[in-house]
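> from the sequence below, what's the structure:
(one chain, ligands or ions: 1)
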Amino acid sequence: MRKHTDPTNLSTFLFGVPYYPEQWTEKDREHDPERMKSAGVNTVRMAEFAWDLMEPREGTFDFSHFDHHIERLAKVGIKTVLCTPTAAPPRWLTKQYPEVLRVDKDDKQMRHGSRQHASHCSARFRDFSKKITAAMANHYKENKNVVGWQTDNEFHCHFKDDYSHAAEAGFRTFLQSKYGNIAALNTAWGTAFWALTYDSIDDIELPYNDRPTHVNPTHYLDYQLFLSHAVTEFQHHQVQILRNANPNWWIFHNGFFGGIDYREFSKDLDFFAVDVYPYFCPQATRAAWAASVLDRTRSIAGNFIVPELQTGPGGQGHYLHTTPPPGHMRLMAWQCVARGADGILHFRWRSARFGAEEYWCGVLDHDNKPRARYEEFSQEGAEFARLGSVIIGTTVHPQIAVCYDTGLIEMAHNPIHHGLPSPGYAGEVIWKAFWEGNFSVGYVHPLDDLSRIKLLFVPSMAVITPEIATALTQFVTNGGHLVITARTGQRNANSQVISETFPGLLATLVGATVEGWTRVNENAAQFIHDPETGSFEWDGLGIERSLWMETLEVNTARVVAKWTVGRFARTPAVTKNSVGKGSCWYVGTYLDETSASVFAEKLTREIGLSPLLPEATEPVPDSIEVCVRESEHRKLLFVLNHAGEPVTIPQLPQGIDLLTNILTTPKHPLAPYGVMVIKLA
Ligand code: GAL
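Presented below is the predicted three-dimensional model:
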């Protein structure tokens with residue numbers, strides 16, 4: 001299993017574009033290789049939506065189009081990453097075998113006409129997927145210019161559900177192998193509730209939408225785990241074929257969507273990848289959103305690549321983004337690199353003139369003329385060509401991390417969420433407080449390597465397994481500082497509530513138990529602005545309750561803060577337990593933006609953690625983001641200015657900015673959307 005601190009196995013920093021030669025005429029494509037070359041492109045990605053071209057009729061394969069373009073690009077030194085084209089099965093396939101089509105939660109079968117319309121559970125579709133993958137793999141296995149593969153394209157991007165007959169059959173097989181017998185399933189699902197007892201696994205249906213009321217939560221949890229398993233298996237078949245054909249190829253997939261346990265899914269891959277489109281987010285939260293996605297991506301399998309990064313404005317049917325201002329595209333690329341990317345491909349080479357993404361604008365405009373975006377892209381190309389070898393091999397080692405799991409823990413929240421934040425959401429609020437404070441922060445799976453993390457948060461993770469409890473206990477015993485927020489440890493891996501007093505498996509570590517709780521149903525925003533109504537005090541700093549209050553009974557822990565008002569007034573709200581060389585805080589509420597930043601400030605001071613940029617007499621401008629990548633031999637501090645105005649950074653560590661070769665100075669200026677890559681002394 002790869003660690004969050006692992007580099008990719010790439011020896012060169014990748015820079016390029018997804019390229020769709022099949023969408024252009026000979027004349028349009030005429031200057032492509034030379035223009036790419038002079039912009040610094042070393043890699044393109046091709047073929048993810050070209051199944052119809054490569055297998056125009058069942059069993060008839062024709063790769064001449066891509067052979068030609070791979071060769072043309074190779075002549076100028078550009079390598080190709082190919083994709084299995086299974087996100088867009090051709091019409092002959094869906095016409096002849098309509099049973100391959102996916103079915104949504106309302107039992108509606110998808111029709112042909114866009115993409116992602118086939119079921120990963122369909123044996124027929126799996127068969128076609130293997131055949132096209134094998135045909136491509138065999139054809140290209142000795143082609144030195146094909147260096148790697150992307151499986152499919154963004155599994156679960158448009159929707160994750162699959163209620164097809166194939167999915168139902170697959171679900172039953174999954175349950176059979178998970179539980180072995182129906183009695184075990186009945187116990188795990190708690191079917192004694194609402195007379196749901198099953199006599200046979202064959203009687204079990206998918207959790208369709210047409211029930212009078214809520215479905216059994218473990219039934220729905222298993223359905224999600226099954227969908228994740230199915231897509232992982234679908235990918236596995238492709239990966240096996242590719243690896244057998246040429247073991248030197250590296251293989252990745254571009255995430256990040258719901259309903260996939262990406263750590264499990266990524267075991268098959270050389271590294272993970274993420275497509276980054278920050279303009280889906282409003283300007284005010286854009287930088288934080290992207291940073292959070294990038295940190296989450298790194299938590300899956302370490303360093304990654306970005307096979308699609310926003311270039312110009314993006315648009316489909318009902319939306320069209322604003323056009324990124326000059327300099328912002330380059331900043332977005334450097335942000336990805338700062339947080340762990342070992343390669344950047346800008347989506348896409350040329351803006352399409354037809355199809356559902358006619359206004360998803362690429363490096364070149366519709367008229368094929370290189371303009372400002374091409375210039376900016378070329379600047380990036382030159383910079384990555386120069387600094388790529390310094391960047392490759394370095395990774396991010398966050399001092400502070402928030403636990404994150406795209407599998408069981410997040411999935412268990414969905415069917416029984418009560419309108420409360422998911423662990424992922426609760427975690428992001430905490431993560432953001434440290435990101436804003438310019439600390440070294442990231443996400444980590446609780447079973448990953450925690451050895452270099454100093455401060456770790458468990459953000460209201462209802463499901464805690466014995467393995468996770470052991471890992472967290474070890475973390476604290478070895479000197480780590482752990483903060484657990486409300487509702488953690490209440491359920492087991494079947495998402496059933498435990499019989500022990502909360503937080504169950506973590507009660508000894510916490511040294512306190514939850515003796516009472518209430519959902520706070522008042523309008524949270526109103527509440528946040530009214531500290532009179534319910535805040536607890538910690539050394540004079542008010543931390544407001546939001547959404548939830550727990551009252552704690554201490555055992556070995558000491559009380560850090562008490563509720564000041566409400567039904568739990570004067571009872572413990574926050575505790576701290578010293579265990580081994582470390583300590584464990586328990587916070588009987590969800591942290592909101594205000595309380596998370598109060599905690600960030602208090603805890604880092606108490607533990608002795610400093611931001612990556614030391615606070616000087618003047619504050620660091622809000623628009624500044626920092627991240628460190630390091631290896632045994634070097635340490636790089638990335639400084640990014642997300643504002644469209646120049647800023648001055650009051651105090652920078654000593655080093656040389658590799659982009660300008662200038663030594664850092666006190667009161668260092670940084671241009672609008674400016675970037676520095678400081679090699680620390
Ligand atoms: C991604 C997808 C691309 C393209 C792009 C812009 O989600 O992988 O194929 O659709 O978005 O919409």
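
> the residue lying farthest from the centre of the chain: what's its closest spatial neighbour, skipping adjacent residues?
Distance to the chain centre peaks in the chain at R570, reaching 40.4 Å (criterion: C-alpha atoms, centre = their mean). Among residues not flanking R570 along the chain, K562 sits closest, at 5.6 Å (C-beta to C-beta, 6 or more residues apart in numbering). Any C-beta I mention is one placed from the backbone N, CA and C, and that applies to glycine too.

> give me the phi and psi for that neighbour.
phi -120, psi 150 (degrees, to the nearest 10).

> mind listing what the residue farthest from the centre of the chain touches?
The neighbourhood of R570, defined by C-beta atoms under 8 Å, 6 or more residues apart in numbering, consists of 562-564.

> again, but for R629
R629 sits next to 338, 340, 391, 394-396, 635-636, 638 when contact means C-beta under 8 Å, 6+ apart.

> next, count neighbours for the residue nearest to R570.
Other residues lying near K562 total 17 when counted by other C-beta atoms under 10 Å.

> one more: T60?
Neighbours of T60 (other C-beta under 10 Å): 10.

> relative to the ligand, how far out is it?
In this structure, T60 lies at 26 Å from the ligand, with C-beta to the nearest ligand atom, to the nearest Å as the measure.

> same check on K454?
36 Å.

> that residue is in contact with H481, isn't it?
Yes: K454 lies in contact with H481 (C-beta atoms under 8 Å); the separation is 6.4 Å.

> okay, and the common contacts of those two?
Any residue near both K454 and H481 by C-beta under 8 Å, 6+ apart counts here, and that gives I607.

> which of these two has more residues huddled nearby?
Taking K454 and H481 together and counting by other C-beta under 10 Å, H481 has the greater number of neighbours (22 against 18).

> what's opposite the more buried one in the beta bridge?
Beta-bridge partners of H481, counted by DSSP bridges, are L455, S583.

> tell me the contacts of it?
The neighbours of H481, taking C-beta under 8 Å, 6+ apart as the test, are 454-456, 582-585, 603, 607.

> TSV for those residues, including distance to G427?
Conversion of the contacts of H481 to TSV gives the following (distance: C-beta to C-beta, whole Å):
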residue	distance to G427
K454	17
L455	13
L456	11
G582	20
S583	20
C584	17
W585	15
L603	16
I607	19
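
> the closest residue to F599 other than its chain neighbours and A166, how far apart?
Residue nearest to F599 in three dimensions, not counting chain neighbours: L591, with 6.2 Å by C-beta to C-beta, 6+ apart. L591 sits 43 Å away from A166, going by C-beta to C-beta, to the nearest Å.

> residues near the closest residue to W194 other than its chain neighbours, how many?
By the measure of C-beta to C-beta, 6+ apart, the closest residue to W194 outside its immediate chain neighbours is N216, 7.6 Å from it. The criterion is other C-beta under 10 Å. On that basis, N216 has 19 neighbouring residues.

> what's near enough to touch E467?
Contact partners of E467, counting by C-beta under 8 Å, 6+ apart, are L447.

> three-state assignment of it?
The three-state label given to E467 by DSSP: H, G, I helix; E, B strand; the rest coil is helix.

> and stretch 397-410, end to end?
Stretch 397-410 has an end-to-end distance of 24 Å (criterion: C-alpha to C-alpha, to the nearest Å).

> how about stretch 98-109?
Distance between the boundary residues of stretch 98-109 (C-alpha to C-alpha) amounts to 9 Å.

> identify the residues contacting it?
The set of residues that contact stretch 98-109 without belonging to it, under C-beta under 8 Å, 6+ apart, is 89, 93-94, 110-112, 116-119, 122, 124-125, 128, 159, 161-167, 208-210.

> and for the residue nearest to F599, the neighbour number?
Neighbour count for L591, taken as other C-beta under 10 Å: 26.

> that one falls within a strand, correct?
No: the secondary structure assignment for L591 gives coil rather than a strand, going by three-state DSSP.

> quick check: it vs the ligand, distance?
Using C-beta to the nearest ligand atom, one obtains 32 Å as the distance from L591 to the ligand.

> ditto for L101
20 Å.

> beta partners for that residue?
Residues in a beta bridge with L101, per DSSP bridges, are A118.

> enumerate the residues of the chain near the ligand.
Counting by C-beta under 6 Å from any ligand atom, the positions of the chain adjacent to the ligand are 153-154, 157, 275, 308, 314, 316, 347, 357, 360.

> mind giving me the ChimeraX select for those residues, buried ones only?
This is how ChimeraX selects the buried members of the residues of the chain next to the ligand, with burial counted by 16 or more other C-beta atoms under 10 Å:
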select :153,154,157,275,308,314,347,357,360
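
> quick one: which of the residues of the chain next to the ligand sit in helices?
Among the residues of the chain next to the ligand, no member falls in helices (DSSP state H).

> what sits closest to whatever residue of the stretch 151-300 of the chain ends up closest to the ligand if chain neighbours are left out?
For the stretch 151-300 of the chain, the residue positioned closest to the ligand under C-beta to the nearest ligand atom is E154, at a distance of 4.5 Å. Excluding the flanking residues, the one nearest E154 by C-beta to C-beta, 6+ apart is N254, at 5.6 Å.
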